[in-house]
Structures are given as structure tokens and as C-alpha cells.
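Visitor: structure for this input, please:
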Amino acid sequence: TDIIIMTEGLKLIRNKLITVIRNLSKFADEYKALPTLAFTHFQPAQPTTVGKRATLWLQELLMDLEDVEYQLSKAKLLGSKGTTGTQASFLELFDGDHEKCKMLDRKIAEKMGYKACFPVSGQTYSRKLDSQFLNVLAGIAQSAAKFSNDIRLLQHLKEVEEPFEKNQIGSSAMAYKGKPNERIGYISRYVMVDVLNGYFTTATQWFERTLDDSANKRLSVPEAFLAVDGILSLYANVADGLVVYPKVIEQRLRKELPFMATENIMMDAVKAGGDRQELHEKIRVHSMAASRVVKVEGGENDLLERIAADEAFGVTIEELEKILKPENYTGRAKEQTEDFLNECIKPVLEKYADVESDKPEINV
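Guide: Residues are numbered from 1 along each chain as shown. Here you go, the predicted structure:
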């Protein structure tokens, strides 16, 4: 029965996972071309797009879905194995007919809709199976926690926010603060720690069975399923209502873009006859000066003005402004997003087209 319950539970989790993927894919498609500042170590780096960033969340969910499907594909029942797994009682019942003992396991699997029973066991099925189910659930929790942390950082930047529920009351100190995304983070942490129960229960089984596992697994496994069910309801809700602020995104990107466009500016000047080494040094000096204005004086980035005023570059501020179109610096982000949605996400959503989207009611 435990195996059947876990298998059916994982099917329900799979359906909720599909809902999240469906919601996020719409978001990725809508914002596939919107340039945004990307980060490495949370330091400004080459721009990406809002939609491309969402594909990173989606890709991890696809990996989770693959794990769910793999776990379901190899599901087996314990069958009738007896006190220590030898089928001794059944062999006696069938008057020593070994084939009938084997047939019994086949019939059990067939009647319950499974392909097979475990060929060997102790008194119970291997507790490693519980551990494997918990691994799959913890993997989903990892993906959700990553998304949750990214959204929290984006909310700090005021670029993207989770939906604020109708009649929602925020934190007592911060009335504007959301709650659903916050819940994703701390429930996910619980599941990621809960997975250790499966590891230790598996590792401490003695020979054919140790009695210390029952109470633990009857807490750790159901709680992990219930927690991930809640996590995915929250994830679906947040992904379905993300609020994007393009003006804030553009403003932050434009402040950093001049620093990232220096190589393009320098190469254009070299093509026009300038000395590369001399221009490289001038770019370095101007960049350091502009950085000081921003960081020390609290002023605006004036790198473009400094370069336009330097005759060595032979370029006007208007020409520099044309060079600094954000979409010129996002590489293949838009195309990657389109390819990913068409080639990876679309086939999955078509395969599970009959799975109805979960519309959870979130109380905060």
C-alpha cells in the first residue's frame, strides 16, 4: 500500500508541476525580448532578457519532471514475500510449487496496474525506494527555492514582483510585502532537509528489517508530499501573476550599459583609424572616473559624455546613444527563449494537454 500511495501521490505532483510549467512558459514568451541587466555573483554583467531568465527556472522544472517520470516508470510493488522475504509460507501453501509463488507476485502486480513486483526483498521493500521518492520531491523543492530567491532579489530591485492577493495584509512592519513567494522558500527548505530522513532510514536497516523505520517514514514521506503539493500551489499562483516593471528595468540597464559597451565603442574607433592600445587606456581612465562619480559622489553615469568629449574617439553623444540600444547587447537571449519554448516546452505541454491547470486559492 505504501508504494501505491507514493506512486499515486507523485502523479498528482506531476500534474501540479505541469501547471507551473504552463504558467511560467506564458511569462517567458511574453517577455522574451525585454532586455534586462543580468548578473554574475549579483554583480552587473552582460544583459539578458526577462523571458530568457524565466527559461532558467523552466529548465530546472523540466529536469524535475524527467525525474518524476523516471521514478514512475520503474515503480514496482513488494508482492507477497513473507516475514523475511523468502516466500516460505507461500511455498508451503502451494505445496512446494515455486512457479505458483512467482505467479502470485505477477498476479498482484497485474491486478494493481503495475508492471512487476520487486524480485527480492527482506520483510519490507527496500527503504531506498522511499529515499528515491524523497529525492524527487527535494529536487522540486530546490527548483522552487531557486525561483523564490530570484523573485525576492527582483522585488528588492523593484523590477518584478509577485502578485499581491485580494484583501492581502502584508507584514506588520512592511504593509506592501508579499507572502506567497516567502512561503515557497521556507517550505522548500523543510523538504530539502526532510530528505535526510530517507537517507538515514535506508542506511540503518539491519539485514532483513529494522523496526525503527516505521514511525519515521510515516511522518517524513507524507509530510514531504504534502509540503511539495503546497509549494507547487504557491509556485503556480506566483508564476501566474508576476508583475513586471519595464521602466525600472530599463533605467537600471541604461545606467550600467555604458560600461558594457566600451569594447564596441573602442572597436568602432579603431576601425575609424584610432590606435587600439591608446584607446584602451583612455577607456579605462574614463570608466574609472565615471565609476567614481556614481559610487563616491552619487551622481549619474557620465561615461558617454566623457568619451564624446575625447577627440581620440571621434564620436558624438548622439552616435553613442545609437550604439547603446539595449537589444544590441542581449545576444541570442530572445532566440534562445523562442527555441526553448518551441522545442522543449511545447512538446511537454502537448503531451499533458489533458491535465487541467491547477487554480489554487492562496490565503495570506
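Visitor: can you get me a residue count around the nearest residue to residue 220 once chain neighbours are set aside?
Guide: Computed as Cβ to Cβ, 6 or more residues apart in numbering, the closest residue to residue 220 that is not its neighbour in sequence is residue 197, at 3.6 Å. No exception for glycine: its C-beta is placed from N, CA and C like everyone else's. Residue 197 is surrounded by 20 other residues when neighbours are defined as other Cβ atoms under 10 Å.
Visitor: so residue 197 makes contact with residue 213?
Guide: No. Applying Cβ atoms under 8 Å as the test, residue 197 and residue 213 come out as separate, 9.6 Å apart.
Visitor: buried ones in the one helix or strand the residue nearest to residue 220 maps to?
Guide: Under DSSP states H and E, the secondary-structure element containing residue 197 is helix 180-203. Using 16 or more other Cβ atoms under 10 Å as the test for burial, helix 180-203 gives 180-185, 187-188, 191-192, 194-195, 197-198, 201-202.
Visitor: in terms of secondary structure, what does that helix contact?
Guide: Helix 180-203 makes packing contacts with helix 128-157, helix 214-240 when contacts are defined by 3 or more Cβ pairs under 8 Å, 6 or more residues apart in numbering; DSSP states H and E.
Visitor: name the helices or strands packed onto the last one?
Guide: Helices and strands touching helix 214-240, by 3+ Cβ pairs under 8 Å, 6+ apart, are helix 2-30, helix 128-157, helix 180-203.
Visitor: go through these and find the least confident stretch.
Guide: When these are compared by mean pLDDT, helix 180-203 comes last with a mean of 93.
Visitor: quick one: that one to helix 128-157, angle?
Guide: Taking axes from the mean of the first three to the mean of the last three Cα atoms, to 10 degrees, one finds that helix 180-203 is oriented at 160 degrees with respect to helix 128-157.
Visitor: number the residues from 16 up from this point.
Guide: Noted, 16 is the first residue going forward, which turns the last one into helix 195-218.
Visitor: mind listing the helices for the stretch 266-379 of the chain?
Guide: For the stretch 266-379 of the chain, the helices defined by DSSP state H, counting those that start in this stretch occupy 277-286, 291-310, 318-324, 332-338, 348-355, 361-366.
Visitor: residue contacts, residue 119?
Guide: By Cβ atoms under 8 Å, 6 or more residues apart in numbering, the contact set of residue 119 is 94-95, 105, 109.
Visitor: confidence score at it?
Guide: 96.
Visitor: check the one 3 residues further on too.
Guide: The confidence metric pLDDT takes the value 96 at residue 122.
Visitor: give me the number of residues near it?
Guide: Residue 122 has 14 neighbouring residues, counting by other Cβ under 10 Å.
Visitor: equivalent analysis for the one 3 residues further on, please.
Guide: With neighbours defined by other Cβ under 10 Å, the count for residue 125 comes to 12.
Visitor: distance of it relative to residue 199?
Guide: With distances defined as Cβ to Cβ, to the nearest Å, the gap from residue 125 to residue 199 amounts to 40 Å.
Visitor: can you check residue 100 too?
Guide: Residue 100 sits at a distance of 41 Å from residue 199 (criterion: Cβ to Cβ).
Visitor: same question, residue 223
Guide: Using Cβ to Cβ, which is the criterion applied here, residue 223 is 41 Å from residue 199.
Visitor: repeat that for residue 236.
Guide: Using Cβ to Cβ, we find residue 236 at a distance of 21 Å from residue 199.
Visitor: repeat that for residue 120.
Guide: Distance from residue 120 to residue 199, counting by Cβ to Cβ: 42 Å.
Visitor: next one: residue 228
Guide: Distance, residue 228 to residue 199, by Cβ to Cβ: 30 Å.
Visitor: same thing with residue 250?
Guide: With distances defined as Cβ to Cβ, the gap from residue 250 to residue 199 amounts to 6 Å.
Visitor: shared neighbours, those two?
Guide: 159, 162.
Visitor: any idea how far the most far-flung residue of the chain relative to its centre is from residue 118?
Guide: Taking Cα atoms, centre = their mean as the measure, the residue most remote from the mean C-alpha position of the chain is residue 110, 55.5 Å away. Here the criterion is Cβ to Cβ. By it, residue 110 lies 14 Å from residue 118.
Visitor: ok, now residue 305?
Guide: 81 Å.
Visitor: neighbour count: those two, which is higher?
Guide: When residue 305 and residue 118 are compared on other Cβ under 10 Å, the one with more neighbours turns out to be residue 305, at 21 against 12.
Visitor: confidence score at that one?
Guide: So residue 305 comes in at 88 (pLDDT).
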